[in-house]
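# Let's see this in three dimensions:
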Amino acid sequence: MNQHAKVDIRHSTCPHDCPSACALDIEVIDGRSIGRVRGSKQQTYTAGVVCAKVARYADRIHHPDRLLYPMRRTGPKGSGQFARISWDEALDEVAARFDQAEREFGAESVWPYYYAGTMGLVMRDGINRLAHVKKYSRFYSTICANIARVGFAIGTGKIAGVDPREMGVSDLVVIWGTNPVNTQVNVMTHASRARKERGAKIAAVDVYNNDTMKQADIKILLRPGTDGAFACGVMHVLFREGYADRAYMDHYTDCPDELEAHLATRTPEWASNISGVPVEEIEAFARLVGQTKRAFFRLGYGFTRSRNGATQMHAALCIPAVTGAWQYEGGGAFFNNASIWQFNESIIEGHDAIDPTTRWLDQSKIGRILTGDTDALKGGGPVKAMLIQNTNPVTVAPEQALVRRGFAREDLFVAVHEQFMTETAVMADIVLPATMFMEHDDLYYGGGHQHISVGAKLIDPPGECRSNHEVLQGLGRRLNAVHPGFEMTPRELIDATLKRSGHGDIETLEADLWRDIQPDFRTSHYLDGFAHPDKKFHFKADWANPPSGKPGLGPWEQMPSLPDHWTVIEEADEAHPFRLATSPSRSFLNTSFNETPSSIAREGSPTVMIHPEDAASLGIADGDAVMLGNTRGETTLTARLFDGLRRGVLVAESIHPNKAHIGGQGINMLTGAEAVAPVGGAAFHDNKVWVKKATSASGRKR
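Have a look, this model is predicted:
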């Protein structure tokens with residue numbers, strides 16, 4: 001007699017590197033596998049909606065190509081030739097090679113390297129505990145958030161804003177420098193609710209007519225790296241036409257008169273010449289913002305991934321301070337809620353073991369570090385051994401030519417703990433199979449909202465997969481890395497972290513499912529003052545003393561203190577007449593989901609969007625193979641003629657594996673690793689390139 005499978009609905013939080021951190025209802029089948037994944041209606045930000053790639057998570061967690069066993073490289077580096085070994089053999093070898101590197105070159109020759117393949121605090125950040133206890137080189141994360149965070153906090157004083165659910169009661173939602181249809185679908189849930197229930201307008205400000213802009217009522221299409229100019233032109237109109245709320249500014253801001261005088265020459269005509277946005281569109285947008293009290297500015301990461309990114313974020317953030325939109329429900333600004341979580345990660349990261357004299361190495365400069373750049377190495381010795389968790393630098397890091405050369409070093413030992421055979425894992429000496437989020441316990445927060453949660457283990461992992469914490473425990477024992485955190489279970493670490501952070505205990509948080517810790521209305525809207533010591537919103541930025549990050553990186557001395565267009569971007573020139581942005585695709589999340597069949601089918605092969613008139617001038621037709629290049633490298637992909645961008649602008653939605661590109665060289669061959677002022681970061685959307693029709697090795701056009 002056939003028996004029906006038992007299906008339980010369990011709860012978790014999406015762990016991927018996305019501000020939405022969606023609350024999930026998950027079908028667990030017979031306690032062994034998962035079925036459908038849905039956004040939970042019980043959590044008011046997720047509101048029952050989840051992106052398509054996570055809805056199909058069963059395709060990923062039960063994928064036949066998952067890594068299941070530890071492996072040792074048996075062929076040349078990068079050959080993909082590995083043989084199965086035991087966990088004891090694998091961890092013994094990793095520990096022995098780390099000890100050897102420490103004996104011969106010092107502890108700083110070992111560099112644990114990680115990022116946000118999971119946003120769970122235990123599994124993401126525990127690797128720092130190993131680095132701190134062993135005095136290995138420390139890790140400075142720069143590849144994603146630094147630029148945006150400092151640009152926001154330099155104005156408000158901290159990284160927190162209006163309750164993002166207030167988009168639903170706004171009369172104008174300005175989605176600036178982010179494409180939430182691709183990257184954080186819940187933004188559209190709340191913005192669309194406002195349009196449906198209140199007749200609100202949705203405005204999108206971006207460098208191409210992406211899927212979000214296609215749903216917007218107002219579309220502002222500008223050139224990459226010119227958002228600051230556009231923002232200044234808008235504020236010029238607000239002051240000129242009487243839309244500036246002078247009473248609000250006098251009470252809540254630092255120097256409104258100085259700002260107004262500064263903006264006198266930042267006319268719409270000036271802004272149009274820089275940004276490409278017609279004067280009439282700048283003025284119409286400014287008037288709409290000025291006339292709409294409940295204007296909600298949802299600011300993103302994308303427009304900050306530029307050499308002037310921090311100043312661009314600050315300039316856009318100044319607009320609702322000029323209009324006084326912060327005073328109203330559904331008005332003000334939001335970027336991220338990093339300042340409200342107040343997690344004390346001392347036990348997870350081993351803060352008590354930090355030696356401040358130990359060098360930190362910049363994540364984005366991994367190519368320079370592994371090829372011996374003295375500045376990138378902070379004047380110290382070479383990196384000889386690495387443990388890599390939760391990231392895929394051989395695809396995602398800038399300056400890929402250097403990255404690939406560095407990973408090919410025969411004297412570099414690399415252990416990669418991964419779920420799939422990524423391009424980084426292919427370059428490893430030891431590959432270790434990793435769990436996915438439903439296969440271990442962890443603690444989560446929502447960057448794009450205000451909920452914290454415990455994600456409990458729902459099913460056992462396949463094969464011999466082990467969690468990040470288990471790997472660190474095993475290495476800790478072998479390396480004589482003594483710390484209480486290595487002796488605790490993930491649940492014990494979560495419980496201790498919650499208690500140290502004033503969030504109660506693990507059982508209480510589990511009972512809450514997703515705890516809402518949004519501050520009250522007055523706090524969120526800064527009605528009792530902003531978070532600077534003077535309680536003012538700062539139009540005048542003190543870039544020498546930023547509220548977050550490591551100061552003094554990049555050309556910070558040149559940064560304009562008042563909102564402006566900072567001309568530090570990589571401008572097009574005669575040899576490189578195009579500006580390239582590498583924007584996020586809809587079905588990949590960095591390189592997560594690169595292996596999921598539905599995502600691969602949707603994204604197809606790598607393409608670059610090029611304006612039809614630009615293409616015609618170069619003799620390029622839709623579907624032609626085209627080569628893009630600059631001083632850093634070259635890549636070849638397929639031309640997609642698209643009139644939804646400005647002339648001279650290219651957009652390549654990414655990140656496809658290098659091997660998916662014609663010739664095997666990916667889009668990050670073209671991106672630079674120069675530190676973005678003032679606290680570091682990577683300018684992925686700020687590249688000058690040349691374009692030409694590609695020729696195959698045989699000389700035949702294709």
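# Every contact and neighbour count from this point should use C-alpha atoms.
OK.
# C-alpha coordinates for the longest helix along the chain, CSV please?
Among the elements of the chain assigned as helix by DSSP state H, the one spanning the most residues is helix 87-105. What follows is helix 87-105, C-alpha atoms only, in CSV (Å, rounded to 0.1, in the frame of the first residue of the first chain):
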residue,chain,number,x,y,z
TRP,A,87,38.0,14.3,6.8
ASP,A,88,40.9,13.5,9.1
GLU,A,89,43.3,13.4,6.2
ALA,A,90,41.9,16.7,4.9
LEU,A,91,42.0,18.6,8.2
ASP,A,92,45.4,17.1,9.1
GLU,A,93,46.8,18.4,5.8
VAL,A,94,45.3,21.8,6.1
ALA,A,95,46.6,22.2,9.7
ALA,A,96,50.1,20.9,8.7
ARG,A,97,50.3,23.4,5.8
PHE,A,98,49.2,26.3,8.0
ASP,A,99,51.8,25.3,10.7
GLN,A,100,54.5,25.1,8.0
ALA,A,101,53.6,28.5,6.6
GLU,A,102,53.7,29.9,10.1
ARG,A,103,57.1,28.4,10.9
GLU,A,104,58.7,29.5,7.7
PHE,A,105,57.1,32.9,7.1
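# contacts for that helix?
For helix 87-105, the external contacting residues (Cα atoms under 8 Å, 6 or more residues apart in numbering) are 69-72, 107-110, 381-382, 384-385, 413, 415, 430, 432, 471, 474-475, 478-479.
# can you pull the buried residues of it?
Neighbour counts over helix 87-105 (16 or more other Cα atoms under 10 Å) mark 87, 90-95, 97-102 as buried.
# Same question for stretch 81-88.
By neighbour count on 16+ other Cα under 10 Å, the buried set for stretch 81-88 is 82, 87.
# what about it, start to end distance?
End-to-end distance for stretch 81-88: 20 Å, by Cα to Cα, to the nearest Å.
# swap in stretch 246-262?
16 Å.
# For that stretch, buried residues please.
Within stretch 246-262, the residues that count as buried by 16+ other Cα under 10 Å are 246, 248-249, 252-256, 259-260.
# Let me see the residues that make contact with it.
Contacts for stretch 246-262 (Cα under 8 Å, 6+ apart): 236, 239, 321-322, 324, 529-530, 535-540, 562.
# centre of the chain versus stretch 261-274, how much separation?
On the basis of Cα atoms, centre = their mean, to the nearest Å, stretch 261-274 sits 31 Å off its chain's mean C-alpha point.
# name the helices or strands packed onto the helix or strand hosting Arg298?
Assigned by DSSP states H and E, Arg298 belongs to strand 295-299. Other elements packing on strand 295-299 under the criterion 3 or more Cα pairs under 8 Å, 6 or more residues apart in numbering; DSSP states H and E are strand 172-176, helix 309-323, strand 332-334.
# quick check, nearest of the contacts of stretch 246-262 to Thr118?
When those are compared for distance to Thr118 (Cα to Cα), Phe530 wins out at 32.0 Å.
# if I look at the closest one, how far off is Leu637?
47 Å.
# Looking at the two, which is more packed in?
Just comparing Phe530 and Leu637: by other Cα atoms under 10 Å the higher neighbour count belongs to Leu637, 26 against 21.
# Spell out which residues sit in contact with that one, please.
Contacts of Leu637 by Cα under 8 Å, 6+ apart are 605-608, 625-627, 661-662.
# repeat that for 6 Å
Shown in contact with Leu637 (Cα atoms under 6 Å, 6 or more residues apart in numbering): 606-607, 625-626, 661-662.
# could I get these as a markdown table with neighbour count, distance to Phe297 and secondary structure?
Formatted as a markdown table, those follow (neighbours: other Cα atoms under 10 Å; distance: Cα to Cα, whole Å; DSSP: H, G, I helix; E, B strand; the rest coil):
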| residue | neighbour count | distance to Phe297 | secondary structure |
| --- | --- | --- | --- |
| Pro606 | 22 | 32 | coil |
| Thr607 | 24 | 31 | strand |
| Ala625 | 22 | 39 | strand |
| Val626 | 23 | 37 | strand |
| His661 | 18 | 37 | coil |
| Ile662 | 19 | 40 | strand |
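# do you know how far Arg193 is from Tyr57?
Taken as Cα to Cα, the span from Arg193 to Tyr57 is 27 Å.
# and the two? which has more neighbours close in?
Tyr57 (19 against 16).
# Return the per-residue confidence for the residue nearest to the more buried one when sequence neighbours are not counted.
Nearest non-adjacent residue to Tyr57, counting by Cα to Cα, 6 or more residues apart in numbering: Val37, 6.8 Å away. Val37 is assigned a predicted lDDT (pLDDT) of 97.
# likewise Gln3?
At Gln3, pLDDT is 68.
# do the one 5 residues further on as well
Asp8 carries a pLDDT value of 95.
# Tell me which helix or strand it sits in.
Assigned by DSSP H and E, Asp8 falls in strand 7-13.
# Using CSV, write out the CA atom coordinates for that strand.
Output of strand 7-13 as CSV, limited to C-alpha atoms (Å, rounded to 0.1, in the frame of the first residue of the first chain):
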residue,chain,number,x,y,z
VAL,A,7,5.1,17.2,4.8
ASP,A,8,5.8,19.6,7.6
ILE,A,9,6.0,23.4,7.3
ARG,A,10,9.1,24.6,9.0
HIS,A,11,10.5,28.1,9.2
SER,A,12,13.8,29.7,8.4
THR,A,13,15.4,32.9,7.0
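# Partner strands of that strand, with direction?
Looking at strand 7-13 with DSSP bridges, its partner strands are strand 23-29 (antiparallel).
# now the angle between strand 7-13 and the helix or strand following the partner strand, please.
Sequence-wise, the next helix or strand downstream of strand 23-29 (DSSP H and E) is strand 33-39. Using axes from the mean of the first three to the mean of the last three Cα atoms, to 10 degrees, the inter-axis angle of strand 33-39 relative to strand 7-13 is 60 degrees.
# residues in contact with stretch 596-605?
With Cα under 6 Å, 6+ apart as the test, stretch 596-605 has contacts from 60, 587.
# contacting residues for Leu221?
206-207.
# Show me what it bridges to in the sheet.
Here Leu221 sits in beta bridges with Asp206, going by DSSP bridges.
# where do the strands sit along the stretch 251-400 of the chain?
Assigned by DSSP state E, counting those that start in this stretch, the stretch 251-400 of the chain shows strands spanning 295-299, 332-334, 360-362, 385-389.
# So for the first one, mean pLDDT?
Okay, so that is strand 295-299. Per-residue pLDDT over strand 295-299 has a mean of 98.
# what angle separates it from strand 172-176?
Computed by the same axes, to 10 degrees, the angle separating strand 295-299 from strand 172-176 equals 20 degrees.
# May I see the buried residues of strand 295-299?
295-299.
# Same check on stretch 490-501?
Residues of stretch 490-501 classed as buried by neighbour count (16+ other Cα under 10 Å): 490-491, 493-498, 500-501.
# Let's have those residues in a markdown table, adding distance to Arg287 and pLDDT.
Converted to a markdown table, the buried residues of stretch 490-501 look like this (distance: Cα to Cα, whole Å; pLDDT from 0 to 100):
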| residue | distance to Arg287 | pLDDT |
| --- | --- | --- |
| Pro490 | 53 | 98 |
| Arg491 | 53 | 98 |
| Leu493 | 52 | 98 |
| Ile494 | 49 | 98 |
| Asp495 | 51 | 98 |
| Ala496 | 51 | 98 |
| Thr497 | 48 | 98 |
| Leu498 | 46 | 98 |
| Arg500 | 48 | 98 |
| Ser501 | 44 | 98 |
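# could I get the residues you listed as TSV with secondary structure?
Listed next are the buried residues of stretch 490-501 as TSV, based on DSSP: H, G, I helix; E, B strand; the rest coil:
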residue	secondary structure
Pro490	helix
Arg491	helix
Leu493	helix
Ile494	helix
Asp495	helix
Ala496	helix
Thr497	helix
Leu498	helix
Arg500	helix
Ser501	coil
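# Output these in a markdown table; the columns should cover distance to Val454.
As requested, the buried residues of stretch 490-501 are exported to a markdown table (distance: Cα to Cα, whole Å):
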| residue | distance to Val454 |
| --- | --- |
| Pro490 | 11 |
| Arg491 | 9 |
| Leu493 | 12 |
| Ile494 | 8 |
| Asp495 | 10 |
| Ala496 | 13 |
| Thr497 | 12 |
| Leu498 | 10 |
| Arg500 | 16 |
| Ser501 | 14 |
